[in-house]
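In: Provided below are the primary sequence and the corresponding predicted coordinates.
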Amino acid sequence: MERTFAIIKPDAVERKVSGKVLAMIEEAGFNIVGMKKIHLSKCEAEGFYYVHKERPFFGDLCSFMSRSPVIVLALEKDNAIADWRSLMGATNPANADAGTIRKELGVSIEENTVHGSDSPESAAYEIPYFFSQLELV
Ligand code: CMP
């Protein structure tokens with residue numbers, strides 16, 4: 001079994017579609033091994049997205065991610081990292097396939113409803129950024 005990290009972003013929590021996202025996650029066969037609702041500070045968002053710090057959208061992305069609460073998740077299944085990325089769909093909802101979360105629920109390339117680890121190395125940084133071992137069940 002592999003683990004990945006996911007965020008239900010502020011746009012989805014604000015629009016009260018986090019339940020829909022969680023249903024899609026469970027229907028796709030993921031076990032939710034960690035889950036909590038938190039309100040990131042700008043500084044915490046910057047630390048989480050540090051790999052993007054040179055990108056032109058970095059400031060706006062960190063402001064968006066800290067504007068209201070998010071739900072952070074640790075997900076487990078065989079092939080969890082790739083399967084979660086396929087369920088999310090393309091970064092830009094306009095380019096995402098039908099049936100993916102971003103196509104069904106995303107607003108824009110920034111307000112794209114969900115985040116997911118893009119590699120085992122990212123998951124190994126992102127899961128412990130938010131969860132202690134005791135919080136993964
Ligand atoms: P996420 O998977 O959370 O990882 C980085 C985020 O940057 C990405 O989703 C997008 O929401 C956001 N972002 C904003 N603008 C862009 C852009 N032009 N290209 C890629 N990602 C962007």
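Out: Happy to help now that I have it. Numbers count the residues shown, from 1 in each chain.
In: and this protein, which of its residues are near the ligand?
Out: 52, 57, 61, 91, 109-110, 112, 115 (Cβ under 6 Å from any ligand atom). Using the backbone N, CA and C atoms, a C-beta is placed for each residue, glycine as well.
In: 8 Å - rerun?
Out: Selection of the chain residues close to the ligand by Cβ under 8 Å from any ligand atom yields 7, 9, 49, 52, 55-57, 60-61, 64-65, 88, 91-92, 109-112, 114-116, 118.
In: from those residues, which land in helices?
Out: 60-61, 64-65, 88 (DSSP state H).
In: now, of the residues you listed, which are buried?
Out: Listed as buried from those are 61, 64-65, 88; burial here means 16 or more other Cβ atoms under 10 Å.
In: so which of these comes closest to the ligand?
Out: L61 (4.7 Å; Cβ to the nearest ligand atom).
In: the closest one contacts H52, doesn't it?
Out: Yes. Applying Cβ atoms under 8 Å as the test, L61 and H52 come out as touching, 6.7 Å apart.
In: buried subset of the residues of the chain next to the ligand, written for ChimeraX?
Out: Here is the ChimeraX command that selects the buried residues among the residues of the chain next to the ligand (16+ other Cβ under 10 Å):
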select :7,9,49,61,64,65,88,110,111,112,114,115,116
